[in-house]
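1. Fold the following for me, if possible:
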Amino acid sequence: MALFNIFNIAGSGMSAESVRLNTVASNLANADSVSSSASTAYKARFPVFQAVQAALAPGAPATLQGANASVAVDGIVQSNAPVTARYEPGNPMADAKGYVYSSNVNVVEQMVDMISASRSYQNDAQVLNTSKTLAIDTLKLAQI
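-> Alright, predicted model coming up:
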């Protein structure tokens, strides 16, 4: 039944947005972290989403092509943006030259990403709730 595909599609979206929210939380938690070298400084992470096309049943209309596309997390990549070097000779994490290296996390960008992920998750939850209501209403028709 096509209605059950909706649960799979919206569920995969919620799962993917949950991963996105987790990476944002990790990035924000490490935004102010410092390191003694540029190579060990925290680098922002971002999930990579991939569309997963489900095969249509034989005889299904061609207009439904892509209607069963769900989402999967293909992986998590690190940002290539440079880390920031600050001269703080009194910092216990400073290197021999007195520099500490802070993460490349852009807090404003992460906050926007968090809001976007949160709204997408809410939208998928609303799709599930509406689909559940439609399924229940359909079952009630049999009682009449």
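2. In this structure, what residue spans correspond to strands?
-> 34-35, 45-52, 70-78, 84-87, 99-102 (DSSP state E).
3. Compile those strands into a markdown table and extend it with columns for mean pLDDT.
-> Formatted as a markdown table, those follow (pLDDT from 0 to 100):
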| stretch | mean pLDDT |
| --- | --- |
| strand 34-35 | 94 |
| strand 45-52 | 95 |
| strand 70-78 | 95 |
| strand 84-87 | 94 |
| strand 99-102 | 96 |
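4. roughly how far apart are the residue nearest in space to the middle of the chain and residue 48?
-> Residue closest to the average C-alpha location in the chain (C-alpha atoms, centre = their mean): residue 20, at 2.0 Å. With distances taken as C-beta to C-beta, to the nearest Å, residue 20 is found 10 Å from residue 48. Using the backbone N, CA and C atoms, a C-beta is placed for each residue, glycine as well.
5. need the helices for this protein, in chain order.
-> 2-29, 107-141 (DSSP state H).
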